[in-house]
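# Requesting a structural model of the entry that follows:
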Amino acid sequence: MKVIAYSYTEPLLEAAPAPEIWGQEVDRIYQDLGGRQQLQQLLKDCQTEPVKYLLIQRFEELGDTLQQVCLHLAQLETLGVEIIVQAETEPQNRKNLLQILAELQRSQHSRSIRKGHARNRIKSRIPPGKAPYGYRRGKERYTIDRSAAPAVKDFFEHFLIYGSLRGSVRYLAKKYSKKISVSTGRRWLTNPAYRGDLEYQNGQVISNTHVPIISREEAAQVDRLLRRNRQLSPRAASAPRSLAGLAICSECRSPMTVAKVTSYRKDKEYLYLRPINCPKQPKCSGLSYEEILQLTIKRICEDLPQAVAGLQMPDMNGIKAGIGRAIGSKQEILEQLPALIESGILDTETAELRAYKIRTEIAEMQTQLAQLPPVNLRETVQTVSLPQFWLDLSESERRFYFREFISKIEIIRENITVKVQIIFIF
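Next comes the predicted model:
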């Protein structure tokens, strides 16, 4: 007597199973992808050749509706075929017909909902749920909410300037009376919707589905700031001074904070760097912020060219050009799909599925492109090795560039003199 197996796969939801899933040798495997042609062939073959066992993963694979499943079960029972269900999620008591039918009904309903969501995903339609703040739900796309979008745009611009998530949250509450939590602000910064993309529940991202609030360049800069801030304490990440979060005392190994001192009844203020948690007695004294800043700039101008010269760096321009060409070739394939549908080479459903996969691949390549350094380091070092370059920058701009190049600044005390040693990121 023969042992056969049958599996049904919905291409929108899952991949076809491997033959090894049955755990034993079978005489023949019937496999359907989106249709039921092989199931009908199975029923015809069972009428001409005796079959002892039919292996399936779930009862729901025998039909798209509960009525179809019951009909096919009845046909197989009439033909004397014993069905073995292998999925662990099936009811343990096979004799309890009511339990099996209830499980089938729930499973079919869930599958129907998932298929509907998958079809919307293939067509790049917006997922269910409330639109992100700054957008409204359109018929198939998000549309800009002109009353809320300026606040979101301002939030991103403030973060790009100051690099402080908490500061941007406070700025939003003060200027627009829009109160959000820090965790919500972090979700805003990483939400693909603000970049013109859609992210679905399966984690896949489709690019260029609606009008973005921030540009690709701004989004890449946001990602770099977030990655860089993860290495700093929250207070240091939001501190306005350029040396904050970078300076460390070489003697006590304590990070150093920026302290401000003002003279009595005078407007002038003095800035110092002092250890946060110095275990020594007496504690390491504070140092002039301006003095350490000048030493840092001098050391950068002297050490950075030598550090970069010894690096084995890939050709970033070539890598970016290669990714750009790959994205362009994917775009060309997308443009060819309508012509393939008109000529009958592809049906609409297959073309939509292919377009969906291409768009997810494009989104992944755009993510890779955004993660690359924004500039060629060898070309940039010629400019940043000039002292005047650093002196012409504001503290916020200087902080941005410091954190692009520097991991930490060790302050070394030698009797009455002070030296700095720079540890670069690369």
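# Is Asp32 part of a helix or strand, or is it coil?
strand (DSSP: H, G, I helix; E, B strand; the rest coil).
# show me the contacts for it.
Asp32 makes contact with Tyr6, Ser7, Tyr8, Thr9, Gln38, Leu39, according to CB atoms under 8 Å, 6 or more residues apart in numbering. Every C-beta, even on glycine, is put in place using the N, C-alpha and C of the backbone.
# beta partners of it?
Applying DSSP bridges to Asp32 yields these beta-bridge partners: Tyr8.
# if I look at it, how far off is Gly80?
23 Å (CB to CB, to the nearest Å).
# try His158
As judged by CB to CB, His158 and Gly80 stand 74 Å apart.
# Can you spell out which helices and strands pack onto the helix or strand containing Ala321?
Per DSSP states H and E, Ala321 falls inside helix 316-342. On a contact count with 3 or more CB pairs under 8 Å, 6 or more residues apart in numbering; DSSP states H and E, helix 316-342 meets helix 348-371.
# Show me where the stretch 301-426 of the chain dips below the pLDDT cut-off.
The stretch 301-426 of the chain contains residues with pLDDT under 70 at 313, 373-377.
# Ramachandran coordinates for the residue lying farthest from the centre of the chain?
With distances taken as CA atoms, centre = their mean, the residue sitting farthest from the centre of the chain turns out to be Thr48, at 53.9 Å. With angles defined as degrees, to the nearest 10, Thr48 sits at phi -100, psi -30.
# Quick check, pLDDT for it.
If you check Thr48, the pLDDT there is 87.
# How about Gln204?
For Gln204, the pLDDT comes out at 79.
# same check, this time on Gly167
For Gly167, the model assigns a pLDDT of 85.
# gap between it and Phe159?
From Gly167 across to Phe159, the span is 8 Å (CB to CB).
# quick one: which of those two has more around it?
A side-by-side neighbour count of Gly167 and Phe159, using other CB atoms under 10 Å, places Phe159 first with 25 against 17.
# list the contacts for that one?
By CB under 8 Å, 6+ apart, the contact set of Phe159 is Leu165, Ser168, Leu189, Val222, Leu225.
# quick one: the residue lying closest to Ile319 once chain neighbours are set aside and Leu66, what's the gap?
Of all residues not flanking Ile319 in the chain, Leu372 sits nearest, at 6.5 Å (CB to CB, 6 or more residues apart in numbering). Using CB to CB, we find Leu372 at a distance of 52 Å from Leu66.
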